[in-house]
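[1] Structure for the following, please:
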Amino acid sequence: MTPSVRLGLLVVILAAAAGSLLLWSPQRVLSQGLTSDTPPVWAGIVFVFVFAIGTLAFFPKPVLNVAAGVLFGAPEGLLLAVAGTTLGAVLAFVLGRGLGRAALQPFLKGKVLLALDRRLTQQGFRSVFLLRVVPGVPFPAVNFAAAFSGVRLRSFTAATALGVLPGTAAYVVAGASASSPSSPAFLISVGVMVALTALTAVSIWRSRRAIGTPAAESLA
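    Okay, here's the model as predicted:
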């Protein structure tokens, strides 16, 4: 297949994955499919798989993190949520690298895009790790930005698993301690979630302001 055909196939796959959420919900599958009779090992495997597919389909990741805490508790839920997040990111990375990179490489002509590609290629682990930790950076955008650059899969995987730990832990602990809303664990996790949301909002506002300022100056 030509690069343009592969890129079109990537778009179709991602659109189909996102559209499939009209027919199924990862949260509903987990709540109805994992019962007390399900062996713990199989429950963990099913959860990681559903989490990964849900992530690839652009399902809200915080919802799945909370579900991990509700279903498995804090320690095990955190481990499974990070595993599901990482697997979903790797699936997106492999799809993007295999189907989209060759088609998009000719478009990396601007200074900003070239600088971003160079940074991701030369400092793959550090760049991906920082993008995962900083609130407000869309998770899928990092997956495909890394896939379209020269980041190694090993560096991408390790940076993702470590970078998502803080935010994931807050949501998992909130889910695990939701039955005791006055407990310190629940209050702290909610506080962290609120702080992350606020930082995300500030980051988005600053980005829009930075984009709007040059536009206003050009019209003046």
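[2] Could you pull up the mean pLDDT of stretch 57-68?
    Per-residue pLDDT over stretch 57-68 has a mean of 91.
[3] Buried residues, it. List them.
    Ala57, Phe59, Lys61, Pro62, Leu64, Asn65, Val66, Ala67, Ala68 (16 or more other C-beta atoms under 10 Å). Where C-beta positions appear, they are placed from N, C-alpha and C, glycine not excepted.
[4] what's around Ala141, how many residues?
    The number of residues packed near Ala141 is 10, by other C-beta atoms under 10 Å.
[5] Next up, the contacts around Pro3.
    By C-beta atoms under 8 Å, 6 or more residues apart in numbering, the contact list for Pro3 reads Ala102, Ala103.
[6] and it, what pLDDT?
    For Pro3, the pLDDT comes out at 80.
[7] Can you list phi and psi of it for me?
    When read as degrees, to the nearest 10, the backbone of Pro3 gives phi -60, psi -40.
[8] Compute the distance between it and Phe51, please.
    31 Å (C-beta to C-beta, to the nearest Å).
[9] again with Trp42
    Distance of Trp42 to Phe51, given as C-beta to C-beta: 15 Å.
[10] Distance check, Pro190 against Gly77.
    Not Pro; residue 190 is Val. To Gly77, Val190 is 16 Å away according to C-beta to C-beta.
[11] more neighbours, Trp42 and Phe51?
    The residue with more neighbours, out of Trp42 and Phe51, is Phe51; 27 against 10, by other C-beta under 10 Å.
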